[in-house]
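Asks: Quick one: sequence and predicted model below, then my questions.
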There are 4 protein chains.
Amino acid sequence: MNSAPGTPQPSPREEFGRPLQGWRLKAYTIIFEADTRAGRNFDLALMVAVLLSLVLVMLESVASFREAHKAWLSWAEIAFTALFTVEYLLRLACVRHPWRYASSFFGVVDLLAVLPIYLAFFFPELYVLVDVRVLRLLRVFRILKLQGYIQAYISLGRALKASAKKILVFLSAVLMIVLIMGTIMYVVEGPEHGFTSIPVSVYWAITTVTTVGFGDITPKTDLGRAIASMMMLLGWGVLAVPTGIMTAEMAAQRLGDEQRPTTRTCHACLREGLQADSNYCRHCGAPLPEYQRD
Amino acid sequence: MNSAPGTPQPSPREEFGRPLQGWRLKAYTIIFEADTRAGRNFDLALMVAVLLSLVLVMLESVASFREAHKAWLSWAEIAFTALFTVEYLLRLACVRHPWRYASSFFGVVDLLAVLPIYLAFFFPELYVLVDVRVLRLLRVFRILKLQGYIQAYISLGRALKASAKKILVFLSAVLMIVLIMGTIMYVVEGPEHGFTSIPVSVYWAITTVTTVGFGDITPKTDLGRAIASMMMLLGWGVLAVPTGIMTAEMAAQRLGDEQRPTTRTCHACLREGLQADSNYCRHCGAPLPEYQRD
Amino acid sequence: MNSAPGTPQPSPREEFGRPLQGWRLKAYTIIFEADTRAGRNFDLALMVAVLLSLVLVMLESVASFREAHKAWLSWAEIAFTALFTVEYLLRLACVRHPWRYASSFFGVVDLLAVLPIYLAFFFPELYVLVDVRVLRLLRVFRILKLQGYIQAYISLGRALKASAKKILVFLSAVLMIVLIMGTIMYVVEGPEHGFTSIPVSVYWAITTVTTVGFGDITPKTDLGRAIASMMMLLGWGVLAVPTGIMTAEMAAQRLGDEQRPTTRTCHACLREGLQADSNYCRHCGAPLPEYQRD
Amino acid sequence: MNSAPGTPQPSPREEFGRPLQGWRLKAYTIIFEADTRAGRNFDLALMVAVLLSLVLVMLESVASFREAHKAWLSWAEIAFTALFTVEYLLRLACVRHPWRYASSFFGVVDLLAVLPIYLAFFFPELYVLVDVRVLRLLRVFRILKLQGYIQAYISLGRALKASAKKILVFLSAVLMIVLIMGTIMYVVEGPEHGFTSIPVSVYWAITTVTTVGFGDITPKTDLGRAIASMMMLLGWGVLAVPTGIMTAEMAAQRLGDEQRPTTRTCHACLREGLQADSNYCRHCGAPLPEYQRD
């Protein structure tokens, strides 16, 4: 019953091993933790730096802007690169098991946040990939921890995980529909109407069945339009399914959050999760005192 | 448990302080309240005036129409401006704490409903912003009060508020996906296919992932289309989440609205969850006192 | 509690008053009722005729086809017109209160199904409006009655009616958002980018917020695209609301349909809808026999 | 109450009759079953072959690729055709009732997977239809059986079946709306704006009401746009219905899957709805026998 808190997720903390004494302990507390004032400030500063660097990358991709501010842009770039590189090395330095950090999710993200810049010396077009550093913003939730955003985040993830199987099955079904429909449209409309090949037709079928409907490719023949209409209506009905799955999942959790009596515990056998209207423990049969709830 | 009625929302009334005697009391009752015939009529007249002025502004933006009716359009404008200005001053005059009203939501809206016209003397293009006065129509709900629309309105707001956190977390996740996807598409498709910069690509990614799909920018390369297809299918599945959140919320409330009596308890056998219209405990048959509910 | 059967909907039957003896009784049974073999056959024939006439109208609107088959098309037209006119007169003839039928929903539909053809003598372009006769197909549900489609139909309607208020409130909110957004976009993008007037901008805002996204009008400026992106994401989240409303409604009904014990009736006071686990009637306190369920 | 496991679906197995001794038994176990190592390997190999052949067909439809690799493409084609033909014959050979297999769902699919290739000798354009063989991938679920994907698949199907009636009724309603709307738009916009005929207008109405919005046809007149806006908003609200139906269905099942013990009843006080893991009645404290479930 996944409305129960379930096994506690491993907090990002544990992944990094226990810190040592002295300056490394200090550094660790500041860099990795967000419960001290210094730690929070560091994380906030980091968030700001990441955001600025992202804005920088985005502006840089705007031709007109790039031309106008060539000079200081490259300087800012170097500055951020240096900053993040130093930070990464510091992180490596102050954990007990550098490798365990380096191979952790955040470790990989931190590396990807600087790597492209160095690779860009050889393959300039890779430069923009530093946008991966947006993932670093996930750390922001650590600062918001106290406001229970984490909780919301976890419950969302739990719902997704719980319905993963159904959604996979569903996606596989959709893929088949889409492949067959695409093929049919390829036969019906043919290359002269933009359905130049089966892959393209499948791409069109996906845009149609997900109701995106770019309109770069559209059926022109009457038969094609009839089939497309069917696809939209049926596909539309079928695509109500994942919503249904997710919703059922979330509703169940939501309900679970409300059936809070699940913390009632038998005084005799310490069995937890007894219902509010029970007179006897359903596990050991011991009589229960009137249920206390405020 | 937000399926319970919860703490009563502050009614728009309270914001305006207690009225005084004499003509100000009369004016207050007419202008601010909608429970007397005069008050209702005033509000209805106001609604009509607001609607007319909105139609006016919209028609005025239609070039052909503007040319044809220049003459009386400007007169109507002046008339409405005068009307709303007078009304605003009257409101200020007949409340006990003018500032408290002026700084209240409706106070600000009422001001914004006339301000742009005066600013338009200096910045003509600001004129159309008087459309903000559409917000004044929110007052209409006061007239419909008796038909429980307010209730519906409140419960909608409650559901939104209750799931605000989850939706925020969700939006943040979507923004990251969209930024990364946009960057990838910028690398894959490049400026020659309309993805002129990362911001533009992100804009495209948003139109795609929200299934709006304008089609002003579309992937041309096979790889780009493959990535776009993935985005649509996955993004599609992921975007079932907010619906799930909202629905779970509303379902919980909906359920709550129906089962409110579930705390009624039999005095004899302490059986909980008896229905509001029961005369006898459905479990032990003991007669029940009249059900108390406020 | 609308999970209970609620007040019985007036069946189409009642609207037509009680029939007379002789041929009119026969005609009535055949034309209005679908429980005798003759009645079912008549209804089926009617459905086919309606469908054929619809196909006819649609084909007629295809220029190429119209040219090719001018001759017999007009004949078919006349035939169907005569048929439906006769039928309408028959219906009028064999009910006791012709006016009550004529003013009933189906009465109006039946009239609208022939009227346009006669009006078409004077205003030819009105001809296609005979498509209204598609509504006559609603009668098909009478034939399917036994298969409980009616039930599904009613429960759908009930859900829609039950959530009408919320949806109205919601629509009003959306209309305000859309009007304000449209105005802002009109200011930001201006006529040179296709936002030629506020009404047009509002039309665009609606296509965007409902995720239809035709793409005939799209923002070109960076600011416009930023605002549009916000609209899509937020609007997207907000538009999860009606789904939530409907779903909560249907889930509640669905649940209600399952709490079928609501047909259990007290032997003493004939109070209906007692719960399955009741030992005593919650209304009169009489002891209840063990609940029978198969 | 379809939240109960319900009657077991006929597993694909039963359709094929009981196998014989000797090599046919061996072949049967390998080809039709996936519980032995050999069977699993065979199915996996089959999946890979099917996928490869699909990729082949898709690549072949890409003009540039077809030109480049004409030579070995035709060879690969012949190879796959031979393979699947042999497999089909083997299947026919090792079942006791070949005809019962041939007329079963998978039997037909297996035939359709090879037939087009032979027909292609006479009608080359039919060739691509071999994509039907994508349906063969449904067999993959047999291999995943142990991971409960089948369960997810069944429950999805059950939800769809359970709400089939409502969705049918709903689709019929939508079709009427769409036909009427299409006709109106045909009258309002007319051929000069792309609404060349009623069928085309209906096609447009469907793309609009399902929020696909290709944009190949769009209203140009103000009246047309006003009607379209109404269609989107209302249609949008109405289209929340199927989602509601599906979700309610899945939620009910989801709930049911969790609460299956709700029929367990205490032998002493006949209290219903005891949980599966209870040792004592939570109401009267009486010890409970081991819970029976099949």
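Replies: Perfect, I can see it now. All values reported here derive from a predicted model rather than from experimental measurement.
Asks: Give the ranges of residues in the stretch 151-294 of chain A that sit below the confidence cut-off.
Replies: A:151-153, A:237-239, A:253-286, A:289-294 (pLDDT under 70).
Asks: Helix, strand, or coil at the residue of the stretch 101-250 of chain A at minimum distance from chain C?
Replies: Going by Cβ to the nearest Cβ, chain C is nearest to residue A:215 of the stretch 101-250 of chain A, at 5.6 Å. In this view, the C-beta of every residue, glycine as well, is placed from N, C-alpha and C. What DSSP: H, G, I helix; E, B strand; the rest coil gives for residue A:215 is coil.
Asks: Likewise for the one 4 residues further on?
Replies: Of the three states, residue A:219 takes coil under three-state DSSP.
Asks: just checking, it touches residue A:185?
Replies: Yes - under the criterion of Cβ atoms under 8 Å, residue A:219 makes contact with residue A:185 at 6.8 Å.
Asks: shared neighbours, these two?
Replies: Residues touching both residue A:219 and residue A:185 by Cβ atoms under 8 Å, 6 or more residues apart in numbering or on different chains: A:227-228.
Asks: which one of the two has more residues nearby?
Replies: residue A:185 (27 against 24; other Cβ atoms under 10 Å in any protein chain shown).
Asks: which element is that one on?
Replies: Element membership for residue A:185, per DSSP states H and E: helix A:164-189.
Asks: Quick check: what element follows that helix along the chain?
Replies: helix A:198-209.
Asks: Give the buried residues for the following helix or strand past that following helix.
Replies: Of the helices and strands lying after helix A:198-209 in sequence (DSSP H and E), the nearest is helix A:222-238. Neighbour-count burial for helix A:222-238, counted by 16 or more other Cβ atoms under 10 Å in any protein chain shown, picks out A:224-229, A:231-233, A:235-238.
Asks: The residue nearest the centre of chain A: helix or strand, and which one exactly?
Replies: With distances taken as Cα atoms, centre = their mean, the residue of chain A nearest its centroid is residue A:157 (8.0 Å). Following DSSP H and E, one finds residue A:157 within helix A:149-162.
Asks: Which strands and helices lie in contact with the helix holding residue A:185?
Replies: helix A:198-209, helix A:222-238, helix A:240-258, helix B:222-238, helix D:149-162 (3 or more Cβ pairs under 8 Å, 6 or more residues apart in numbering or on different chains; DSSP states H and E).
Asks: any chance of the ones you listed in JSON lines, with distance to residue B:115 too?
Replies: Listed next are these as JSON lines, based on distance: least, Cβ to Cβ, whole Å:
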{"stretch": "helix A:198-209", "distance to residue B:115": "45"}
{"stretch": "helix A:222-238", "distance to residue B:115": "45"}
{"stretch": "helix A:240-258", "distance to residue B:115": "43"}
{"stretch": "helix B:222-238", "distance to residue B:115": "41"}
{"stretch": "helix D:149-162", "distance to residue B:115": "54"}
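Asks: Make CSV from the ones you listed and add distance to chain C to it.
Replies: Shown next, in CSV, are the helices and strands packed on helix A:164-189 (distance: least, Cβ to the nearest Cβ, whole Å):
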stretch, distance to chain C
helix A:198-209, 11
helix A:222-238, 8
helix A:240-258, 7
helix B:222-238, 11
helix D:149-162, 10
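Asks: any idea how far residue A:166 lies from residue B:221?
Replies: Look at residue A:166 and residue B:221: by Cβ to Cβ, to the nearest Å, they are 33 Å apart.
Asks: what about these two, which has more around it?
Replies: residue A:166 (25 against 13).
Asks: Verify the stated contact: that one with residue A:245.
Replies: Yes - between residue A:166 and residue A:245 there is a contact at 4.8 Å, judged by Cβ under 8 Å.
Asks: For the stretch 1-150 of chain A, just list every one of the helices.
Replies: Secondary structure of the stretch 1-150 of chain A, counting by DSSP state H, counting those that start in this stretch: helices at A:22-32, A:37-60, A:63-68, A:70-94, A:98-102, A:105-112, A:115-119, A:140-143, A:149-162.
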